[in-house]
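Asks: Structure, please.
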Amino acid sequence: MWPDDWQIDHDTLIDAGGYMQKLKMYPYFDIAHYLLTCISVRQDLGTTSLTFSRKHPFSCWLSAMLMSFAGSFLASFLLGEPIISPLKHHQDVILASVVWYLVFYSPFDIIFKLAQLSPIKTGLIVVKEIQRAHKIAAGIKYSARLYPESYLVQIFVGVSKGAGSGVVKIVEQLVRGSWSPANHEILKPSFTTKACVIASIVFTLERHSMYVTAPHDLVYLCVVGFFIYFKLAAILFGVQDALLPIENVICAIFMGGIFDAFAKAVNATKQAVRNNRVMSEEEILAKEREKVQKRKKTQAGNQMNGDSKKNN
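Replies: Residues are numbered from 1 along each chain as shown. Just a heads-up that it's a prediction; the model follows:
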């Protein structure tokens with residue numbers, strides 16, 4: 001089907017995965033991450049973003065820092081480490097602050113407008129997804145050294161490193177004075193969070209040689225491709241949550257959906273039978289007696305009202 005020149009052997013894929021793992025995140029991948037994070041903060045502020053950044057610069061900066069290092073903050077909290085430790089590298093804080101300043105205060109708003117262009121935004125998203133896979137793998141590797149027997153902790157830390165911004169967003173909104181607990185990521189997880197859960201499970205199982213026996217470099221490459229593919233599908237084709245149909249089926253089978261539907265069907269059938277069946281003579285006589293009693297009560301009430309009017 002394909003030309004021979006297009007075939008990629010197994011070793012080439014493994015080499016590509018190994019090369020991708022060795023990429024240094026600082027500074028280019030981090031710049032893409034900080035750019036998209038600050039843009040999301042600005043978009044969350046809406047039309048008042050520039051006004052807010054002028055009136056409350058420190059709150060705006062703190063919001064951007066919370067979102068930029070959200071994964072590390074959350075992972076540190078889960079592992080019992082100092083929450084402030086993600087800020088120990090001054091070069092990361094300086095770089096994130098410079099990106100924040102350019103997004104909110106650049107002349108003629110040029111940085112924000114350029115980042116919104118479709119080709120540039122697509123490139124930034126691809127770079128960010130590569131970094132996301134790197135963070136998840138690094139988080140699982142670090143937590144596996146601390147808790148080698150706890151798969152759940154490793155998965156939690158991996159998800160926190162990859163999708164921590166969604167969980168920390170509620171704190172970031174509180175800093176800006178616009179708290180929205182009803183839209184919390186735990187209540188309504190986005191596709192990014194769900195994808196990070198899947199990637200964390202795959203990395204954890206692969207690390208412990210359970211069910212996933214492929215080489216680590218190949219698994220890493222597949223996870224990166226998974227993130228990039230579905231992120232580009234969301235941008236180019238509007239596919240917001242590709243896992244939603246699978247979720248609906250799983251919930252219908254294992255989370256009571258089938259039994260709830262069966263109970264509703266049984267109740268509806270019973271109600272239809274009650275409405276359509278022929279009443280017995282006793283039920284007809286009982287209903288007639290009720291009508292006669294109601295009629296007598298109504299007549300007695302009308303007579304009492306008439307007597308009271310005559311007396312007046």
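
Asks: Please, which helix or strand holds the closest residue to Ile125 other than its chain neighbours?
Replies: Among residues not flanking Ile125 along the chain, Lys231 sits closest, at 5.5 Å (CB to CB, 6 or more residues apart in numbering). Any C-beta I mention is one placed from the backbone N, CA and C, and that applies to glycine too. Using DSSP states H and E, Lys231 sits in helix 216-237.

Asks: How far away from the center of its chain is that helix?
Replies: 17 Å (CA atoms, centre = their mean, to the nearest Å).

Asks: Give me the average confidence score over that helix.
Replies: In this model, helix 216-237 has a mean pLDDT of 91.

Asks: Nearest residue to Pro181 in space, please, no chain neighbours.
Replies: Ile170 (6.4 Å).

Asks: what angle separates the helix or strand hosting the one you found from helix 216-237?
Replies: For Ile170, the element it lies in under DSSP H and E is helix 151-176. Orientation check (axes from the mean of the first three to the mean of the last three CA atoms, to 10 degrees): helix 151-176 against helix 216-237 gives 40 degrees.

Asks: in helix 151-176, what's buried?
Replies: For helix 151-176, a neighbour-count test (16 or more other CB atoms under 10 Å) marks 151, 153-169, 172-173, 175-176 as buried.

Asks: repeat for stretch 29-43
Replies: In stretch 29-43, counting by 16+ other CB under 10 Å, buried: 29-39, 41-42.

Asks: Helices of the protein, start to end?
Replies: 10-21, 28-45, 49-55, 57-68, 70-79, 90-105, 110-115, 118-146, 151-176, 191-207, 216-237, 244-254, 257-276, 281-311 (DSSP state H).

Asks: just how off-centre is the second one within its chain?
Replies: Its chain's C-alpha centre lies 17 Å from the corresponding centre of helix 28-45 when counted by CA atoms, centre = their mean.

Asks: what does the fourth one give?
Replies: Its chain's average C-alpha position is 21 Å from that of helix 57-68, according to CA atoms, centre = their mean.

Asks: Tabulate the CA atom coordinates of that helix in CSV.
Replies: The C-alpha coordinates for helix 57-68 follow below in CSV (Å, rounded to 0.1, in the frame of the first residue of the first chain):
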residue,chain,number,x,y,z
PRO,A,57,-0.2,43.9,38.5
PHE,A,58,0.9,41.8,41.5
SER,A,59,-2.3,39.7,41.5
CYS,A,60,-1.9,39.2,37.7
TRP,A,61,1.7,38.2,38.0
LEU,A,62,0.9,35.8,40.9
SER,A,63,-1.9,34.2,38.9
ALA,A,64,0.5,33.6,36.0
MET,A,65,3.1,32.1,38.3
LEU,A,66,0.6,29.8,39.9
MET,A,67,-0.5,28.5,36.6
SER,A,68,3.0,28.3,35.1
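
Asks: contacts for it?
Replies: For helix 57-68, the surrounding residues in contact (CB atoms under 8 Å, 6 or more residues apart in numbering) are 33-34, 37-38, 40-41, 52-53, 73, 87, 93, 96-97, 100, 103-104, 165, 168-169, 171-172, 175-177.

Asks: Give me the angle between that helix and helix 28-45.
Replies: 120 degrees.

Asks: Can you give me the buried ones in helix 57-68?
Replies: Result for helix 57-68 [16+ other CB under 10 Å]: buried residues 60-61, 63-68.

Asks: how far off helix 90-105 does it point, in degrees?
Replies: 120 degrees.

Asks: one step back: please name whichever of the helices of the chain is nearest to His184.
Replies: Nearest to His184 among those is helix 151-176; the distance by CB to CB comes to 5.5 Å.

Asks: and the closest one, how far out from the chain's middle?
Replies: 10 Å.

Asks: again with stretch 110-125
Replies: 23 Å.

Asks: and it, average pLDDT?
Replies: 94.

Asks: Contacts for it next, please.
Replies: For stretch 110-125, using CB under 8 Å, 6+ apart, the contacting residues are 32, 35-36, 39, 42, 102-104, 106, 231-232, 235.

Asks: Lowest average confidence across helices and strands of this structure, where is it?
Replies: helix 281-311 (a mean of 70; mean pLDDT, DSSP states H and E).

Asks: Give me the residue at the spatial middle of the chain.
Replies: Ser190 (2.1 Å; CA atoms, centre = their mean).

Asks: How about it: what's its closest non-neighbour residue?
Replies: Closest to Ser190 by CB to CB, 6+ apart is Gly166, at 6.0 Å.

Asks: Verify the stated contact: that neighbour with Thr192.
Replies: Yes. Shown here, Gly166 and Thr192 form a contact pair, counting by CB atoms under 8 Å, at 6.8 Å.
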